[in-house]
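Undergrad: Based on what follows, work out the 3D shape:
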Amino acid sequence: MKKRNLFRTSLIILACICISNFTNAQKVKLKKKKVHHNTNVKHKKYHAHHHKHLNRPYRYSNLPRCGTIINVRPHNGNLIAFRGVNYHFHNGIWYRPYKKKFIVFRPVVGIRIKTLPINCYHFTIRNRKYHYYYGTYYALVPKTNEYEVFQPPLGAKVDELPDDCKEKNINGETYYELDETFYSYIESEDLYQIVDPQN
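TA: Residues are numbered from 1 along each chain as shown. Next up is the predicted model:
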């Protein structure tokens with residue numbers, strides 16, 4: 001009788017140990033999965049695409065990309081004639097005629113507007129104040145009180161780049177090309193600076 005009781009007790013203890021080991025193994029697996037998942041999130045955030053900043057949202061996320069074709073131009077836009085072409089300007093986005101439709105594009109140098117887009121990024125370089133928005137640089141023309149589109153000034157630092165910029169590796173360095181202009185990301189300032197990769 002004592003042997004039977006001892007045998008049953010041994011079976012119960014063995015079963016408890018097996019259940020405990022199985023439960024602990026499951027917990028370890030779950031912990032490993034959680035750690036792996038969190039590591040991936042951090043990895044994605046750190047190595048995210050150029051415009052995904054860690055400390056602020058991407059402010060151009062809702063804007064149409066250059067090259068987007070629309071059937072009807074946006075309402076309440078401004079019609080701007082320049083060198084024989086009627087362009088349309090609305091909320092900082094430029095549209096030009098394209099096969100009886102309209103296509104989003106970045107404006108040509110020299111075209112002028114009376115009012116700057118909302119939320120421009122402002123900076124001064126070589127004693128000239130610039131206003132930057134969605135890949136385009138504007139500067140005030142005092143005589144006409146208008147803002148003219150200028151060439152991207154070398155050395156300028158801006159907060160964001162449009163989605164259509166291209167990441168390029170030149171001599172082991174990462175650059176972002178937008179309309180034949182190259183930018184280098186300055187991590188310490190969280191800004192993009194116009195540079196000459198050849199120098």
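
Undergrad: State the next helix or strand along the chain beyond the helix or strand bottoming out on mean pLDDT in the chain.
TA: Per-element confidence for the chain was summarised using mean pLDDT, DSSP states H and E. The lowest value among helices and strands belongs to helix 2-46, with a mean of 46. Past helix 2-46, heading to the C-terminal end, the next element that is a helix or strand (DSSP states H and E) is strand 69-70.

Undergrad: so how far is that next one off the chain centroid?
TA: Taking the mean C-alpha point of strand 69-70 and that of its whole chain, the gap between them comes to 22 Å (CA atoms, centre = their mean, to the nearest Å).

Undergrad: for stretch 178-193, which positions count as buried?
TA: For stretch 178-193, the buried set under the neighbour-count rule, 16 or more other CB atoms under 10 Å, comprises 178, 181, 182, 183, 184, 185, 191, 192. Glycine gets a C-beta too; all of them are placed from N, C-alpha and C.

Undergrad: In contact with residue 79: list those residues for me.
TA: Under the criterion of CB atoms under 8 Å, 6 or more residues apart in numbering, the contact list for residue 79 reads 86, 87, 88.

Undergrad: just for the protein, where's the confidence low?
TA: Judged against pLDDT under 70, the low-scoring parts of the chain cover residues 1-56.

Undergrad: Residues contacting the helix or strand hosting residue 95, please?
TA: Using DSSP H and E, residue 95 sits within strand 93-98. Applying CB under 8 Å, 6+ apart, the contact partners of strand 93-98 are 63-64, 69-70, 73-74, 77, 85-89, 102-107, 134, 136.

Undergrad: how deep is residue 110 tucked in, by neighbour count?
TA: The tally of other residues near residue 110 (other CB atoms under 10 Å) stands at 11.

Undergrad: cool, residue 97 as well?
TA: Other residues close to residue 97 by other CB under 10 Å number 13.

Undergrad: Test of understanding: give the bridge partners of it.
TA: Beta-bridge partners of residue 97, counted by DSSP bridges, are residue 102.

Undergrad: that older thread, among the contacts of strand 93-98, which lie within strands?
TA: For those, the ones inside strands are 69, 70, 85, 86, 87, 88, 89, 102, 103, 104, 105, 136, with DSSP state E as the criterion.
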